[in-house]
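Colleague: When you get a sec, could you give me coordinates for this:
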Amino acid sequence: MVEQPAAEVEETIPEVVFTVEAASLDEDGYASIWNIASASMQGDTDKTRFLASKLLGFLCKQQCPYIVASSADVKYLDEFYERDNTLLTDWTPESDKVDVVSQAAYVPFDLFKNFLENNKFKISGKYNPRRSSREVWFNETWSVG
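Modeller: Okay, the predicted model is just below:
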């Protein structure tokens, strides 16, 4: 499969309607950012990664407090970061780091949609948080559950 450049992907996404498959929601209404992006992009991997990239940057810049990860996922992310500290800095649509982080980050779907709307998320927005903001968001804002 050939990946499309991010600029080409962005041109094909005029507006996002956030959805999630019922099977992706846990009993408390949480879903991974990746699963939300995938459902919202009808399973297209390039568009999913593009949207997940935008969401991670936006949620980090806004210091979204709703992120939850399992203790096993946090341990995995910590170990990954020790091997490759670009895990928290390379969230470009072309990077598989987006997959790793967004598959571990769970949000309560309804609150997530409201948060995006209230904070005016735009697919065309430029969301590139500083490294220090990313580290604070991951280390201090994410919850383990």
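Colleague: Run through the neighbouring helices and strands of the longest helix along the chain.
Modeller: The residue-count maximum for a helix in the chain (DSSP state H) belongs to helix 45-61. Judged by 3 or more Cβ pairs under 8 Å, 6 or more residues apart in numbering; DSSP states H and E, helix 45-61 is in contact with helix 6-11, helix 33-40, helix 97-104, helix 109-118, helix 131-136. For glycine as for every other residue, the C-beta is placed from the backbone atoms N, C-alpha and C.
Colleague: tell me the mean pLDDT over the third one?
Modeller: Same thing as helix 97-104. Regarding helix 97-104, the rounded mean pLDDT is 97.
Colleague: How far does stretch 76-89 sit from its chain's centre?
Modeller: In this view, stretch 76-89 has its centroid 16 Å away from the chain centroid, taken as Cα atoms, centre = their mean, to the nearest Å.
Colleague: ok, back up a step: just the C-alphas of the longest helix of the chain, formatted as CSV.
Modeller: Listed in CSV are the C-alpha atoms of helix 45-61, where the atom choice follows Å, rounded to 0.1, in the frame of the first residue of the first chain:
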residue,chain,number,x,y,z
THR,A,45,-5.6,4.3,7.0
ASP,A,46,-4.0,7.5,5.5
LYS,A,47,-6.9,9.6,6.5
THR,A,48,-7.1,7.9,9.9
ARG,A,49,-3.5,8.7,10.6
PHE,A,50,-3.9,12.2,9.3
LEU,A,51,-6.8,12.9,11.6
ALA,A,52,-5.2,11.1,14.6
SER,A,53,-2.1,13.3,14.1
LYS,A,54,-4.2,16.5,14.1
LEU,A,55,-6.2,15.3,17.2
LEU,A,56,-3.0,14.5,19.2
GLY,A,57,-1.6,17.9,18.4
PHE,A,58,-4.8,19.7,19.2
LEU,A,59,-5.6,17.8,22.4
CYS,A,60,-2.0,18.3,23.6
LYS,A,61,-2.1,22.1,22.9
